[in-house]
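Asks: sequence unknown, structure follows:
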């Protein structure tokens, strides 16, 4: 390419980028921005979502309305968004695991596909792990499985389907014979562990103070990566299990919204997620820091996540 031609092409490209950024900066919702939360009031998702809505409103001046749309772990909310207006006036906050499981198990029956949405941002990864009492005679999931197999099966508590599937994967891989106990919350699971009713249990952050006190220990990170507070404790994958459960809060709008709307929404979310207000609520609620992967990273997270869920179901 000749220098003059190259300079002309570069200038055109810069003008295109500048125009896109200008459009994103100028775009704003023509009506109240409805930030829908795919779970009921009072939970972790609702708490974080409402703070993000409040911060976006304060930072942009937009009229942002947070509203709960529970049902199917976010399936009902995203079904509505997929059929709603493609104008950027509605965005949804959900958790990836329930959506991915439903897409894998009954994708042909859902009114949306993975590519039915414009992905905008992630808020944070829920650091999910398996814990046991400090004096338990096992320190890893492999050792837990071996101990269970030797003693005719021991109890492990869970409170969500993905956790159950992960432990069934362990049972299948090692013939562990783990007895899986369904509970309603992390608090209930921790009480069962501390009381000796179960040998181990899943937990998403509430166990950290007990680890710091030396009451409990972490056997493994159930996520795709190690936990920030326990960098020396390996993941299920590192312990030889080709599966993981990586719950992540994320935002999406209907596919087909204008490019400038997507850019403006992604920018507003990114700025809010990086605010001190949101960092504080995320740390206090799920004991980890915000982590926005951006539009492309959010899309990749879901695509890769579908593959991991298929492993859990043996597909």
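Replies: Perfect, thanks for sending it. What you see is a predicted model, and the numbers here were worked out from it, not measured in a lab. Residues are numbered from 1 along each chain as shown.
Asks: List the contacts of the nearest residue to residue 125 once chain neighbours are set aside.
Replies: Sequence neighbours aside, residue 248 is the residue nearest to residue 125 in space, at 5.0 Å (criterion: Cβ to Cβ, 6 or more residues apart in numbering). In short, each C-beta sits where N, CA and C put it, glycine included. By Cβ atoms under 8 Å, 6 or more residues apart in numbering, the residues touching residue 248 are 95, 96, 122, 123, 124, 125, 126, 301, 305.
Asks: now residue 248: how far from residue 308?
Replies: 12 Å (Cβ to Cβ, to the nearest Å).
Asks: Equivalent analysis for residue 46, please.
Replies: Look at residue 46 and residue 308: by Cβ to Cβ, they are 26 Å apart.
Asks: At the geometric centre of the protein, which residue do we find?
Replies: residue 248 (0.8 Å; Cα atoms, centre = their mean).
Asks: Quick check: phi and psi at that residue.
Replies: phi -140, psi 130 (degrees, to the nearest 10).
Asks: For it, give me the pLDDT.
Replies: Residue 248 is assigned a pLDDT of 95 by the prediction.
Asks: again with residue 8
Replies: At residue 8, pLDDT is 50.
Asks: mind listing the strands for the stretch 151-300 of the chain?
Replies: For the stretch 151-300 of the chain, the strands defined by DSSP state E, counting those that start in this stretch occupy 155-158, 179-182, 200-203, 216-221, 248-254.
Asks: Just say which of those strands is most tucked in.
Replies: Neighbour counts (mean count of other Cβ atoms under 10 Å) averaged over each of the strands of the stretch 151-300 of the chain peak at strand 200-203, with a mean of 28.
Asks: partners of it, with directions?
Replies: According to DSSP bridges, strand 200-203 forms sheet pairs with strand 129-133 (antiparallel), strand 155-158 (parallel).
Asks: what about the chain, any weak spots by pLDDT?
Replies: The model of the chain has pLDDT under 70 over residues 1-25.
Asks: Grab the longest strand from it for me.
Replies: strand 117-125 (DSSP state E).
Asks: Can you show me the helices along the stretch 1-150 of the chain?
Replies: 3-26, 44-60, 75-83, 96-106, 141-150 (DSSP state H, counting those that start in this stretch).
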